[in-house]
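Enquirer: next comes the sequence, and after it the predicted model I'd like to discuss.
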Amino acid sequence: RIRHFTDTHLQRLSCHLPNIEHLDLNGRDLLTDASLQLIASKCVRLKSLSLNFCRTITDTGLLAVIRSCKQLLHISLDECAAISDMCLIEMGKHLPGLQYLNGNECTSWSTAGIAAISNNCKNLEYIKMHKVTNVTASGLADLLTSCTKLQYINFNRCQVNDAVVTCMANLKQLHTVRLSACSSVSSLMFVFLAKAVGTQLQRLSANYTQLDDEAAIAIAENCPNVQQLRLISTRITTKGAMKLAECCTKLKDFSVGASLKLRHGMGPILCQLSENCPDLEVISISALQTVTFPLCVPQDDHEPNNNTDQDHNHHHDETSSTAGARTRAQHGPFRPRFPKLQQLQARGCLFTNIGSLFTLITSSNRLRLLDLSRCYLGEPGRPIEKRFPPFYADDGTYIQTANQFWMEIAKRSPELMVISLTEQPEVLAQFIQHCKQLDGVHLVNGQNFKSCVQLVVNSIQQQQQEEGEGNGIMTSKEEEKDEPLLLPNLTDLRIRQSCTFLPRLPSTLETLSVSSVPSKIEPDFIVRQVVAQCPMIRRLHIAGEALLTTMPHLSVECLLMLCELQFLHELGLQGQVNVTDEVVKTIVQKCTFLTRCYLPGCPNITAGLPALVPQRCTVVLGL
């Protein structure tokens, strides 16, 4: 795998290129058509080429590869928007054995280009066309009818209708179907699909579709080998979800967030999943409002179950044995356990049982992503930190305070990489201290972020004095303000509301998003810090509000400083009054890898801006 390479670096490897069969250049944005022409002339044995997110390549370079490398079986072009139908037509002529084609967000593709693939590439097994909206339903149907060896289909956000789904019945090897945001597909077609594909189906994405309980039951009864179900914002209810949890015992990814009719039934569903799906790795239940776990049946008939858990609200003898603690826990609400869980997204949920939530999070030591932002206990507006109910953990640990609750979670999540929380500084400080692999921090409210950083620094300094050792969090002795460098390996920092403070940013930062910046911190300061300290920044969002005249805005001088960010791919300047057509045009011209600009709420931007910037950059003016 080649990383961080330019055309020059690839040229230095030219003597080795004739022997290469598989070349992965994903995300190498510095590569141009010159590199592809070098590959075309040298890589005579090439069978697999991945160019995902190489947004600067064009038809010129790829056509050279297609015409020269006749053994190619695998081509991946995720978000290569400059690649047009011309390349698809040439693939049809020169690569009849093509098996894998990834064209996600290749927005220049149309029905004509896909027709060339349909007519000539009969061995195609994998097709990915997420958000390729210019291909008609008839064009998609022709592709499915002609390429009968297809095993993997991604038509998310495409022009899919019931007729297209009907064509999938002829695909005898089909195991993955992605139809998210295909709102024209009826629920009856999902029933048809489940019966047609049957035991072969392994993955189904149907977010934002009409899929309902009838379709869910059909999947449960006909597709027992399904491993991934993504059913966010569908019409499924507790009845359908319970059937899936009961029958689909090989599930690894179960996402049902924001399904309105599941708001009060997720607790029993999680319990059913815990009993039947030991391999579950991803759970997404965001915005399901209330999660109440049913009570366990006491195993000891002589000890009545008087505990309704907020989890054993009355005082317990702290000297109780581990076995005693476990016995009492068995008499409270069910505690779901997922030993292989890697991602838990429960944003906006209300948990009525704190002990069950604790077990849900800590039952796996593989957790890498945890989203508990806007997560409450018992009632809206009541964060877990308020009126905390003590409880016993499964191992007998008596957890009495919210701070201890979060500390134990942090200690038991050694592989955690991304954390999304509300605003409690003590909570975030615990994760920063205990989760050494943490490289992504998402905060709903950054009002107390400075307190969090100071807590971490104080704790680390105390530890250094006691142990005489360094650690992952450092302070700068060179700067007058001695600002702390929070998480030297941090790559992703997002603060959605009230960003009142930013620590000294590490050079590794690739994503920074700050919203609703109040008068306590100048947006100009953010830009100066990013330009000076974060040369590898790829995504930068600074959101203001044009209607609030008391809120500071980016100056024209600092806006033009953004031209120095040579690796910038995505820029958001929502609600900025000093952003004009000319300023945006200059930034896009200077930042040669910039492919997306989000500018909603900028009053001085005109509707003609998209025509003024280079074609590689998509300008979003609305929300």
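Expert: Great, that's in hand.
Enquirer: when you work out contacts or count neighbours from here on, use the C-alpha atoms and nothing else.
Expert: OK.
Enquirer: ok, residue 198 to residue 346 distance?
Expert: Using Cα to Cα, to the nearest Å, residue 198 is found at 31 Å from residue 346.
Enquirer: and these two? which has more neighbours close in?
Expert: More crowded of residue 198 and residue 346, by other Cα atoms under 10 Å: residue 346, with 24 against 21.
Enquirer: so who does that one touch?
Expert: Contacts for residue 346 (Cα atoms under 8 Å, 6 or more residues apart in numbering) come out as 284, 285, 286, 287, 371, 372, 373, 375.
Enquirer: if we go to 6 Å?
Expert: Applying Cα atoms under 6 Å, 6 or more residues apart in numbering, we find residue 346 in contact with 285, 286, 371, 372.
Enquirer: what's the pLDDT at the spatially closest residue to residue 602 that is not a sequence neighbour?
Expert: Excluding the flanking residues, the one nearest residue 602 by Cα to Cα, 6 or more residues apart in numbering is residue 575, at 4.7 Å. Residue 575 carries a pLDDT value of 83.
Enquirer: can you count the residues close to residue 575?
Expert: By other Cα under 10 Å, the residues close to residue 575 number 23.
Enquirer: which of the helices or strands spans it?
Expert: If you go by DSSP states H and E, residue 575 is not part of any helix or strand.
Enquirer: any idea how far it is from residue 621?
Expert: From residue 575 across to residue 621, the span is 11 Å (Cα to Cα).
Enquirer: next one: residue 155
Expert: In this view, residue 155 and residue 621 are 26 Å apart by Cα to Cα.
Enquirer: neighbour count winner among these two?
Expert: Between residue 155 and residue 621, residue 155 has the larger neighbour count (other Cα under 10 Å), namely 24 against 17.
Enquirer: which residues does that one contact?
Expert: 129, 130, 178, 179.
Enquirer: for stretch 106-121, report the contacting residues that lie outside it.
Expert: Here stretch 106-121 makes contact (Cα under 6 Å, 6+ apart) with 79-81, 84-85, 88-89, 92, 96, 98, 132, 134-135, 139, 143, 146.
Enquirer: ok now it, how far from the chain's centre?
Expert: Stretch 106-121 has its C-alpha centroid displaced from the chain centroid by 29 Å (Cα atoms, centre = their mean, to the nearest Å).
Enquirer: got it, and stretch 337-349?
Expert: On Cα atoms, centre = their mean, the centre of stretch 337-349 falls 14 Å from the chain's centre.
Enquirer: what's the separation between the most centrally placed residue in the chain and residue 172?
Expert: What sits nearest the mean C-alpha location of the chain, by Cα atoms, centre = their mean, is residue 369, with 9.6 Å. The gap separating residue 369 from residue 172 is 36 Å, by Cα to Cα.
Enquirer: and for residue 436?
Expert: Residue 436 is 46 Å from residue 172, where distance means Cα to Cα.
Enquirer: about what we covered before: now do the residue nearest to residue 602 against residue 522, distance only.
Expert: As for residue 575, its distance to residue 522 is 15 Å (criterion: Cα to Cα).
Enquirer: cool, and residue 139?
Expert: Look at residue 139 and residue 522: by Cα to Cα, they are 51 Å apart.
Enquirer: with neighbour numbers in mind, choose between those two.
Expert: Higher neighbour count among residue 139 and residue 522: residue 139, with 21 against 17, using other Cα under 10 Å.
Enquirer: which strands and helices sit next to the host helix or strand of the more buried one?
Expert: Here residue 139 is covered by helix 137-146, with elements defined by DSSP H and E. Packing partners of helix 137-146 (3 or more Cα pairs under 6 Å, 6 or more residues apart in numbering; DSSP states H and E): helix 111-120.
Enquirer: list the buried ones in the helix it packs on?
Expert: Within helix 111-120, the residues that qualify as buried are 111, 112, 113, 114, 115, 116, 117, 118, 120, counting by 16 or more other Cα atoms under 10 Å.
Enquirer: nearest to residue 589, of the residues you listed?
Expert: The shortest approach to residue 589 among those belongs to residue 113, at 29.7 Å (Cα to Cα).
Enquirer: now do the same for the nearest residue to the closest one once chain neighbours are set aside: its pLDDT.
Expert: Computed as Cα to Cα, 6+ apart, the closest residue to residue 113 that is not its neighbour in sequence is residue 85, at 4.4 Å. With respect to pLDDT, residue 85 scores 96.
Enquirer: that's all I had, so thanks and see you.
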